[in-house]
Each structure stands twice: as structure tokens, then as C-alpha cells.
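Undergrad: only geometry, no sequence info:
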């Protein structure tokens, strides 16, 4: 438990985030959603082709400078894994390029809307990135991979594609493919498997960017935000890529572009800052996604989103604030139960391990535990980690281990007294309805 | 034979593996079973003697879920394993976590195989 003074209202920031050359590259203003991601409040209009060209300049003519620019920028995949883009491209190039390039817009993170916001506001930038990648890898086809529920994104992409067709903007043959709405349907090996005619399930393979069966050449799968940054870099601008982040706090979702040097605190304040309204400091923040990592608020105040040697802390771009009245253990139990239900059910350690972990976490949240059960959680976590075909179990393990560390005092309270100091089993973060 | 001495690791394809458990009988010093019966294999490169045992275990697996993977097969820009360097680590918690992952719950096999 962080100390109780965090309950007090904290006034809006005195210092504002430092001005940066990269801020506002992808999104110039924060976009606000309701917590369930439905309603979009007072959003600026999306860029059409004309507005897009005015903002970013004409599409990049060739892709010769792309690899050096990528290398210099250190751009990593923004789907969550932060795999270096240049390594993926080089691996494919050494195997003769790619047959298909895929823009992965199947944003499975339940509380995240950054890909949806990007596809709504800047569809042409994503399509530019897709064109650059296709040209670089000699791919004649491009696929935009969306969840079947993403009707808005599909509409804006179709409109953008039609505009490009009418204006004769060169590009690969592009199709929009709708994936099932499941959590792991956006996992990149599942995307490759599906496009090669297999099931939409993660597969066990050597590395991202490795060659797959499709046409004997590889398939490039990149998150839509990664492609947008690729399009910006290919235009020759010397930018240091920021990151799109969904901040879940104060009963709303805010998508904004973060500078990776800024602290979690300044990001959160920028997201919830409204004139004349005090900001209530959260107890802790969940970083990266539902399979992310908890960080106590006191650490979050100084923690930069991206340290000098670390990959961005943003993972899949989620920063969720745990309100001061909420129980972090109850939240963790609810998230773990969600992750356990949404595994692909393929790999034994994950199929059996996650429900066991979720069950123990639930008992811990309710206070029905003995001290040795906490050790059982730790041992189970060790047994599950790294043993799935995809990183789904690793994320769940990270969630529970960071919860045990961050909410150390709560764990003791739950174990000793059999109840929560915060009085709630009610989870606060939105968990989507079962389909 | 050059092939026998080339460094290799034992990998489980967790999608194929059904937890039959024959591998743990065939190579009982190399493969452990977890509480659900799924194999835990060493992550380090195997010496020739271990490789023989690993090959026997792979051959015995009815699901063909065990692979002997050459260690050198690493695409450029990827971490030392065959798989990508993992970025779980987001935070201060992450650094020790990552080290734990690299070492894993492994036990060095004792005695000759």
C-alpha cells in the first residue's frame, strides 16, 4: 500500500511536459473515449488525402533511405513486443523479401484504443507505411488485419483506400481482412498462420520476420502504429519516434502521443488534465496492457516511459491508473481470470497454469489464503513462464509477480486479516463481456 | 561427425506437446516433467552426450514435439537464442525478472547420462 496521503487531491501540474520535436507527429491533440471505448467525444476530424498531404508532405518516392533511417531511429514494434523493426526487415530481406505485408490493427488489449484512434485519424499515414514496407520487401499484396467488431476503422480505411485509388496514389493491392474478436487474434504468429490458411492461433516458430509457407517468401506483420512511424521516417524527417498511449484514468480513456522521455506522472496528468479540476493521484499504475506490469505510484512519478537502455515501458501502449480506493489484488485477480479465459488453449503449461494462477489470485483477493499460498503463486509463475508458443503466459506471470511486489502490504493484510484494507472486491478496470 | 558435435539445444514445441511424458523416461537426466506432465527441458546448449539422449527423447515422442535446434541458427538482430530476445521487461521489476527467465528453473544434470 502506498502511503495514505496519495488520497489527497493533487493540483494540476506546475511544470508542463518539455516541448519536444516529436510531440504531435501522429496525433496533435488527445482523443477521449469513454471507459468502454465506445463513444468518442469532441474528436478532431480525420485526415482525408488532401489534409494528409498538407500535413506530412507527398508520399515517400522511394525506400532507399528507409533502412538507415530506421536503424538510426531505433523504431520498435508497437504491438507490444517492441521487436526492432530493422531486424525484422533485414531478416526478411535476407530471405528474398516478403510476399505480403500486413498492417495489424486487431487491437486486442481490452482497454486500449490507440490503434483505433490512429486508424480513425490518420488512415493515410498507415497506408503510406504499408506502401513503404511493401516496396522495400518487394511485396505485391498488402493486408489490413482488423477485428471483426472494428466497423468504424473498416469504414475509414475503405474510404481512404477509395480516395487513394481515385487519386492514383501508387501502392500494393490492399485488402482488409477481419479477424475473430478474440484476444489472441492479433498475435503476430496467429496472423501469419491465418493468412497461410491455418487457424487463427499462435504458432510455435523461430522468430518474427522468419519465412513462412505463404508463397515461399515471408510475411511481414507490423502494428499499424509502427507502420505510421515508418511512413514518417521514410519521408526523411529526422524524428525520434514517440509512442501512442491509451491512458485509462478518471473514468475515461485518452489516447495521446507520448514522448518516451517523459515520466508516467506527467503523461497521466496530461491525459486527465481539465481546467479547474483537481487530479486525484492513483495508488498504482498498470503499464503495458492487461498482461502488463504494476508500478507503485511513487515510482511512477519518476519512472520515464523509456529509459536509455530499456524498451519503452508502454508495451502495447496502455497506462491504466488504479484509483486510490481500489484493491490492486482484486484487480489483478480479475485481469488474470480474463487472461486465463482468453488463452488459445494450445500449450499445456498455459492451459493449466493460468487457471490455477487465476484461482489462487482470486483466493488471495478474497483473503481466503494462508502465507504458503503466496509462495505457491510464485512457484506456479516460475513453472509457467516462457513455456508457451506465444508470450501470453509470460504476460500473465509478469502481471501477478509485479502485483505481489507492488501491493506487498496488501498481500500481508489479506493473508493476516483475511480481508482487504480497501474494502473492495470490485474490479475497476473494464473487462469485456464474454461473447 | 561434425553434426554430432555442433552445438544444439533441445526445444519443445508447446503446441504439439500433449504431455505424453515419454521424453522424461527416455532422457530422465535431461527432461523433467512439471505438475501437469509437460516437459521442462534445459535451455543451455547440449554437449554431445546430452545430445544423444536428447535425440533419443525426440525420436520417442509420439507427437514429434521435441526438436534439436542448432544454436547458431539465429537471424540477424535477434538475441542469442533461436527466438527473439524477450522484452518483457518494462520496468525496474523487469531486470531481475529477465535474468530469472534466462536462467529458468533449470537444474544442471548431475553425473553421467
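TA: Arrived safely. Predicted, not measured: the structure shown is a model, and the values here were computed from it. Numbering: from 1, shown residues only, chains lettered A, B, ... in the order given.

Undergrad: next one: whichever residue of chain A sits closest to chain B, what pLDDT does it get?
TA: Residue nearest to chain B within chain A: residue A:87 (2.8 Å; C-beta to the nearest C-beta). Every C-beta, even on glycine, is put in place using the N, C-alpha and C of the backbone. Looking at residue A:87, its pLDDT stands at 91.

Undergrad: that one - how many residues pack around it?
TA: 23 (other C-beta atoms under 10 Å in any protein chain shown).

Undergrad: for the residue nearest the centre of chain A, list the residues it contacts.
TA: Nearest residue to the geometric centre of chain A (C-alpha atoms, centre = their mean): residue A:316, 1.8 Å. Taking C-beta atoms under 8 Å, 6 or more residues apart in numbering or on different chains, we find residue A:316 in contact with A:78, A:79, A:80, A:109, A:112, A:288, A:289, A:292.

Undergrad: among these, which are in reach of chain B?
TA: By C-beta under 8 Å from any C-beta of the partner chain, the members of the contacts of residue A:316 lying near chain B are A:288, A:292.

Undergrad: tell me the SS of residue A:100?
TA: At residue A:100 the chain is in strand, as set by DSSP: H, G, I helix; E, B strand; the rest coil.

Undergrad: tell me the secondary structure at the nearest residue in space to residue A:374 that is not next to it in sequence.
TA: Closest residue to residue A:374 in three dimensions, ignoring its sequence neighbours and counting by C-beta to C-beta, 6 or more residues apart in numbering or on different chains: residue A:411, at 6.2 Å. Here residue A:411 is recorded as helix under three-state DSSP.

Undergrad: next up, the contacts around residue A:411.
TA: Taking C-beta under 8 Å, 6+ apart, one finds A:329, A:364, A:374, A:404 in contact with residue A:411.

Undergrad: residue A:403 now?
TA: A:294, A:328, A:329, A:332, A:361.

Undergrad: ok, and the most crowded of those residues?
TA: Busiest of these [other C-beta under 10 Å] is residue A:294, holding 30 neighbours.

Undergrad: output the contacting helices and strands for the helix or strand it falls within.
TA: Of the helices and strands defined by DSSP states H and E, residue A:294 is found in strand A:293-296. Applying 3 or more C-beta pairs under 8 Å, 6 or more residues apart in numbering or on different chains; DSSP states H and E, one finds that strand A:293-296 contacts strand A:284-287, helix A:392-406.

Undergrad: out of the contacts of residue A:316, who's the most crowded?
TA: Neighbour-wise, these (other C-beta under 10 Å) top out at residue A:288, 31 neighbours.

Undergrad: excluding its backbone neighbours, what's nearest it?
TA: residue A:315 (2.6 Å).

Undergrad: show me where the stretch 151-300 of chain A has its strands.
TA: Using DSSP state E, counting those that start in this stretch, the strands of the stretch 151-300 of chain A run over A:173-179, A:218-223, A:243-249, A:252-258, A:279-280, A:284-287, A:293-296.

Undergrad: quick one, phi/psi of residue A:343?
TA: phi -70, psi 170 (degrees, to the nearest 10).

Undergrad: which ones are touching it?
TA: A:184, A:350, A:351, A:354, A:388, A:392, A:393.

Undergrad: in helices, which of those residues fall?
TA: A:350, A:351, A:354, A:392, A:393 (DSSP state H).

Undergrad: next one: the nearest residue to residue A:392 once chain neighbours are set aside from residue A:352, what distance?
TA: Of all residues not flanking residue A:392 in the chain, residue A:343 sits nearest, at 5.6 Å (C-beta to C-beta, 6+ apart). Separation of residue A:343 from residue A:352 (C-beta to C-beta, to the nearest Å) stands at 10 Å.
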